[in-house]
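Visitor: Give me the fold of what follows.
(one chain, ligands or ions: 1)
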Amino acid sequence: MTLEVLNTQYEELPIRSGVDRKDRKMLAELMGRALASTYVLYHKTHAFHWNVTGPMFYSIHKMTDEHYQDMASAIDDIAERIRAIGFTAPTGLSRYVSESRISDETDLEDAVSMAMQLARDHQEVAAQLRDAAKEAEKVDDVYTADLLTARIGAHEEASWMLNALIVQ
Ligand SMILES: [Fe+2]
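Guide: Here you go, the predicted model:
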């Protein structure tokens, strides 16, 4: 006797939320790409948090701490929303890097360049989220639209804070 209940299956989950399957699939793909960008920016923020040096060390170290923690929980929220609308969340760091709109960074620059790069990246993620939120609104997935809209605000605020640090 096989215990079918224990078999791991990653089939699409049945959803009857009122949003068409093709629309949910489209949103799952958009959220998957937004997740990839957020994940890469999360890691870059963490790496800069560890390695930043100079007179702005404490400001950037502290600010990036808040930002990576915020993104860590956002990553979880976005991935679980993809599951909630019936699809699997993307796996594999190489996939995240290749689907991300944010460049993967392996070099370490000075503190001002780090802050500038992060500020620019947050704007880029905000723009990506804005496009995805518009699509969610169009197909009446209001919860997804709300989630993505809230994330736009978080990234725009992070960008403002980083820019305010380095403005002369
Ligand atoms: Fe830390």
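
Visitor: show me what contacts residue 121?
Guide: 41, 44, 102-103 (C-beta atoms under 8 Å, 6 or more residues apart in numbering). For the C-beta atoms, the positions are set from N, CA and C on the backbone; glycine is no exception.

Visitor: three-state assignment of it?
Guide: Following DSSP: H, G, I helix; E, B strand; the rest coil, we place residue 121 in the helix state.

Visitor: what about residue 86, which SS state?
Guide: coil.

Visitor: isn't it right up against residue 14?
Guide: Yes. Residue 86 lies in contact with residue 14 (C-beta atoms under 8 Å); the separation is 7.4 Å.

Visitor: okay, these two: which has more neighbours?
Guide: For residue 86 and residue 14, the more surrounded residue by other C-beta atoms under 10 Å is residue 86, and the numbers stand at 19 against 7.

Visitor: wait, what's in contact with that one?
Guide: So residue 86 contacts 12-15, 21, 24, 28 (C-beta under 8 Å, 6+ apart).

Visitor: The most centrally placed residue in the chain sits in which helix or strand?
Guide: Residue closest to the average C-alpha location in the chain (C-alpha atoms, centre = their mean): residue 38, at 2.5 Å. According to DSSP states H and E, residue 38 maps onto helix 21-51.

Visitor: Turn the contacts of residue 86 into TSV, including distance to residue 158.
Guide: Output for those, formatted as TSV (distance: C-beta to C-beta, whole Å):
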residue	distance to residue 158
12	34
13	33
14	37
15	32
21	34
24	29
28	25
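
Visitor: Between which two of those residues is the distance greatest?
Guide: Within the contacts of residue 86, 14 and 28 form the most distant pair, 14.6 Å apart (C-beta to C-beta).

Visitor: Out of the contacts of residue 121, who's the most crowded?
Guide: Top of these by neighbour count (other C-beta under 10 Å): residue 41, with 27 neighbours.

Visitor: what about that residue, distance to residue 103?
Guide: According to C-beta to C-beta, to the nearest Å, residue 41 stands 10 Å off from residue 103.

Visitor: next one: residue 19
Guide: According to C-beta to C-beta, residue 19 stands 33 Å off from residue 103.

Visitor: what about the nearest residue to residue 89 once chain neighbours are set aside, neighbour count?
Guide: In this structure, residue 89 finds its nearest non-sequential neighbour in residue 79, 3.8 Å apart by C-beta to C-beta, 6 or more residues apart in numbering. Per other C-beta under 10 Å, the neighbour tally for residue 79 reads 19.
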